[in-house]
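Enquirer: Give the three-dimensional model of this entry:
(chains A, B, C and D)
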There are 2 protein chains.
Amino acid sequence: MSNAKVLPLLEPADGQGAAPCCPPLTERPMTAAEAETAARMFKALGDPVRLRLFSAVASHEGGEACVCDISDVGVSQPTVSHHLKKLKEAGLLTSERRGTWVYYRIEPSVLAAMGKLLAMPAAAR
Amino acid sequence: MSNAKVLPLLEPADGQGAAPCCPPLTERPMTAAEAETAARMFKALGDPVRLRLFSAVASHEGGEACVCDISDVGVSQPTVSHHLKKLKEAGLLTSERRGTWVYYRIEPSVLAAMGKLLAMPAAAR
DNA sequence: CACCTGTATTGATGGGCGTCAACATAGACA
DNA sequence: TGTCTATGTTGACGCCCATCAATACAGGTG
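Expert: Predicted coordinates for the structure are as follows:
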């Protein structure tokens, strides 16, 4: 009932080459559909708490962290859980339960796709 | 009364080398203050209409466009104006009136700073 | 000056979102 | 089985935000 809402920014699956949803922002005006997709990712990172959680996971050893390792961000535990869910739904994190703990890890290809979106050609100015 | 709310993602001014507010997301957990700053930018791009407007400006010739060139995004004129203001307040765009028209242009250094935030070291996995 | 076009501001409205307390679920262990 | 810890879910509340119609402002042109 939960992973039906996951909306990946990437094309179905090309292995791991990170095929972005859209060309760089500077290449041509985005279409409405492209913007809809890409905005979901930016929106997911548009909250300070989520950004800290994401950074905590991304910078953790092996690109993965247990919730207990990263939940010290000044909000209640349910709120942490809520934000992690949002990041998961945005396709930025994946989660896996191992025994007592749940581990979150980053989706490197999505990070790369976002990076490409913001890539700036030398002709930008 | 308007540019008092502009909050740059960059350090005061280092010329144009784009000194980001924060290290890459993957380098270490962001502090609350860093996250607060960076989240404002992601949030600004977290709306489909704003993303299209930004992309339209960024991809326009010379990285600059008149409002009349980009306002065809399916919302009313006041809404377009509102979103452009938001992008300006986030430090992503600047505006300049030239005669009848107002031109918006991208802030390349900020785009670069965001790109660095998402940069992924080879050790990410 | 009056009038027109382009853009910004104001005020109102509806919906979405961040947050928490309370509760539910999952696994470990005795 | 019962209990403890770790994490997720539910429901409610308040606030922010995207949107529009109406209006205001700026600059050009007559």
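
Enquirer: anything in the least confident helix or strand in chain A by mean pLDDT sitting right up against chain B?
Expert: The weakest-scoring helix or strand in chain A, judged by mean pLDDT, DSSP states H and E, is helix A:108-117 (a mean of 89). Yes: against chain B, helix A:108-117 shows contacts by Cβ under 8 Å from any Cβ of the partner chain at A:108, A:111-112, A:114-115. The way it works is simple: take the backbone N, C-alpha and C, and place the C-beta from them, glycine included.

Enquirer: Same list as before, these that is, but in CSV and with neighbour count and distance to residue B:65 included.
Expert: Shown next, in CSV, are these (neighbours: other Cβ atoms under 10 Å in any protein chain shown; distance: Cβ to Cβ, whole Å):
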residue, neighbour count, distance to residue B:65
A:108, 16, 34
A:111, 24, 29
A:112, 20, 28
A:114, 27, 24
A:115, 20, 24
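
Enquirer: can you pull the contacts of residue A:28?
Expert: For residue A:28, the contacting residues are B:55, B:59, by Cβ atoms under 8 Å, 6 or more residues apart in numbering or on different chains.

Enquirer: I'd guess it is in a helix, am I close?
Expert: No: counting by DSSP: H, G, I helix; E, B strand; the rest coil, one finds residue A:28 to be coil, located in no helix.

Enquirer: Can you report phi and psi for it?
Expert: phi -160, psi 160 (degrees, to the nearest 10).

Enquirer: Test for you: state the pLDDT assigned to it.
Expert: You'll see residue A:28 listed with a pLDDT of 94.

Enquirer: and stretch A:84-102, how far apart are its ends?
Expert: Start to finish, the residues bounding stretch A:84-102 are 11 Å apart (Cα to Cα, to the nearest Å).

Enquirer: With stretch A:98-113 instead?
Expert: This stretch, stretch A:98-113, spans 28 Å end to end (Cα to Cα).

Enquirer: Can you mark which positions in that stretch are buried?
Expert: Using 16 or more other Cβ atoms under 10 Å in any protein chain shown as the test for burial, stretch A:98-113 gives A:103-113.

Enquirer: same deal with stretch A:47-67?
Expert: Neighbour-count burial for stretch A:47-67 flags A:47-60, A:63-65, A:67 (criterion: 16+ other Cβ under 10 Å).

Enquirer: Identify the residues contacting that stretch?
Expert: Contact partners of stretch A:47-67, identified using Cβ under 8 Å, 6+ apart, comprise A:44-45, A:69-70, A:73-75, A:79-81, A:83-84, A:86-87, A:92-93, A:101-106, A:108, A:111, B:25-32, B:35-36, B:38-39, B:42-43, B:124-125.

Enquirer: Buried members of those residues into ChimeraX, please.
Expert: Restricted to buried positions by 16+ other Cβ under 10 Å, the ChimeraX selection for those reads:
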select /A:44,45,69,70,73,80,83,84,86,87,92,93,103,104,105,106,108,111 /B:25,26,29,30,35,36,38,39,42,43,124
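
Enquirer: out of the contacts of stretch A:47-67, which touch DNA strand D?
Expert: Among the contacts of stretch A:47-67, the residues lying close to DNA strand D (Cβ under 7 Å from any atom of the strand) are A:80-81, A:84, A:101-102, B:43.
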